[in-house]
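A.B. asks: Predicted model and sequence below, questions to follow.
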Amino acid sequence: QVQLVESGGGLVQAGGSLRLSCAASGGFFSSYAMGWFRQAPGKEREFVACISSSGALTRYADTVKGRFTISRDNAKNTVYLQMNSLKPEDTAVYYCAAGGIFTVLARSYTYWGQGTQVTVSS
């Protein structure tokens, strides 16, 4: 069983930056692909970014490409999401997830964190 705890969310002005962290425990972190997803009020959960177990492969949603960067430190059992040039439409609860497959599909991820709120003011 893997436990995931997100941190780093908060309130930021448009154009600002935040770095989210997701700390994992209870499993073999380096064997899991990791993903970040988000859910805005009244909307479905959507893919943001994912990274392969080794960190060699990454993918991004078109809406965040060039602004967000996903990375991981397997020695620290942590995955990060650096978010730059934030926009009001990035406001959402951000979730990290762990799974056995490098994919953009939420249903393929087995373990989920509780989420961290990101609010971007205009």
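C.D. replies: Looks like it came in fine.

A.B. asks: Retrieve the pLDDT associated with residue 1.
C.D. replies: Among the per-residue scores, residue 1 holds a pLDDT of 85.

A.B. asks: Check residue 26 too.
C.D. replies: What the model reports as pLDDT for residue 26 is 88.

A.B. asks: pretty sure it is touching residue 3, no?
C.D. replies: Yes: using C-beta atoms under 8 Å, residue 26 is in contact with residue 3, at 5.0 Å. For the C-beta atoms, the positions are set from N, CA and C on the backbone; glycine is no exception.

A.B. asks: Tell me if residue 85 really is in a helix.
C.D. replies: No: read with DSSP: H, G, I helix; E, B strand; the rest coil, residue 85 is coil and lies in no helix.

A.B. asks: what bridges to the residue lying closest to residue 78 once chain neighbours are set aside?
C.D. replies: Excluding its sequence neighbours, the residue lying closest to residue 78 (C-beta to C-beta, 6 or more residues apart in numbering) is residue 23, at 5.2 Å. In this entry, residue 23 is beta-bridged to residue 5, residue 78, by DSSP bridges.
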